[in-house]
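Asker: Quick one: sequence plus predicted model below, questions after.
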Amino acid sequence: MTTQIAVGLPEELVSRLDALVPTTHSSRSEALRRAVELYLYQLACEHDARQYERLPLSDSELSLADDPEAWADTPPW
């Protein structure tokens, strides 16, 4: 399901968008949807980084990354 929304953009930004759309996306809508997805992903990554700064991995957690055998029981997703 999708919801249509209206967004006001400066003409200069629309011109830049229109210049890229034919070579990268099928429509303005697709380009803007992808831009929002990437922006939300970036925000989530920044949030995760702040959490790791606040509560860093322990030495035992970090050691797992150095030992391939430690990952032997990890499910193959």
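Answerer: Cool, the structure landed. These figures come from a predicted structure and were not determined experimentally.

Asker: Tell me the spacing between the spatially most central residue of the chain and R34.
Answerer: The residue lying closest to the centre of the chain (CA atoms, centre = their mean) is Y41, at 2.6 Å. Per CB to CB, to the nearest Å, Y41 is found 10 Å from R34. Where C-beta positions appear, they are placed from N, C-alpha and C, glycine not excepted.

Asker: Can you check what pLDDT the model gives the residue of the chain positioned farthest from its centre?
Answerer: Here the centre of the chain is the reference, and by CA atoms, centre = their mean the most remote residue is E69, at 30.1 Å. Here, the pLDDT recorded for E69 equals 80.

Asker: what does V36 give?
Answerer: Reported pLDDT for V36: 96.

Asker: same thing with L32?
Answerer: 96.

Asker: count of residues packed around it?
Answerer: L32 has 16 neighbouring residues, counting by other CB atoms under 10 Å.

Asker: No more questions from me, cheers.
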